[in-house]
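> Dropping the sequence and predicted coords here.
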Amino acid sequence: MDRPGPIMKYEAVTHDIRVAVEPKFLADQSSPQHSHYVWAYSVEIENLGVRPVQLINRYWCITDANGRREEVRGPGVVGEQPLIAPGRRFEYTSGAPLKTPSGIMSGRYEMDDRNGGRFEVEIPAFSLDSPHQTIQLN
């Protein structure tokens, strides 16, 4: 049951900022018999614009297979509020546990254009899939 699934990369571009997310199920940190499933997700934020931007805040909406939602808000990501120059990127990896073998995450970043202008950047919705989920064909 620990077969690796296909690696999916999810991308969105908002206001010249590209966000790409690649989730990965962590079988070695999960315990299906205790309804504990863990994923890592790698995020790449690339500035396609002409001005530097700074990631100020994050918002995540995490929904499990039973429809339970958890919202996470806070400053920056992984303890940083990175400044991303034009043509540059910032990458980080974080994780999410669920009580179900699948779920979905989505969200947004609040960015500052360094001139006092704030704007939101979409984090594409991405699927959290494990080999322990029951697949139903409709």
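Structure's in. What do you need? Owing to the predicted nature of the structure, the values given are computational and were not obtained by experimental measurement. Residues are numbered from 1 along each chain as shown.

> drop to CA atoms for contacts and neighbour counts, all remaining ones
Will do.

> Run through who's touching the helix or strand harbouring Arg18.
Assigned by DSSP states H and E, Arg18 belongs to strand 17-25. Here strand 17-25 makes contact (Cα atoms under 8 Å, 6 or more residues apart in numbering) with 7-13, 37-49, 121-124, 126-130.

> Now Glu46: closest residue in space that isn't a chain neighbour?
Excluding its sequence neighbours, the residue lying closest to Glu46 (Cα to Cα, 6 or more residues apart in numbering) is Arg89, at 4.1 Å.

> Relative to Asp64, how far out is that neighbour?
Here Arg89 is placed at a distance of 30 Å from Asp64 (Cα to Cα, to the nearest Å).

> Which strand or helix spans the residue lying closest to Ala125 once chain neighbours are set aside?
Of all residues not flanking Ala125 in the chain, Ser106 sits nearest, at 4.1 Å (Cα to Cα, 6+ apart). Using DSSP H and E, Ser106 sits within strand 102-112.

> Strand partners (parallel or antiparallel) of that strand?
Sheet pairing for strand 102-112, assigned by DSSP bridges, gives strand 53-64 (antiparallel), strand 118-129 (antiparallel).

> how about those strands in a markdown table, adding mean neighbour count?
Output for those, formatted as a markdown table (neighbours: other Cα atoms under 10 Å):
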| stretch | mean neighbour count |
| --- | --- |
| strand 53-64 | 20 |
| strand 118-129 | 20 |
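
> closest one to Lys99 among those?
Lys99 lies closest to strand 53-64 among the strands paired with strand 102-112, at 7.3 Å (Cα to Cα).

> contact partners of the closest one?
So strand 53-64 is contacted by 47, 69-77, 81-85, 98-100, 102-114 (Cα under 8 Å, 6+ apart).

> Drop anything exposed from the residues you listed.
Using 16 or more other Cα atoms under 10 Å as the burial test, the contacts of strand 53-64 include 47, 76-77, 82-85, 98-100, 102-112 as buried.
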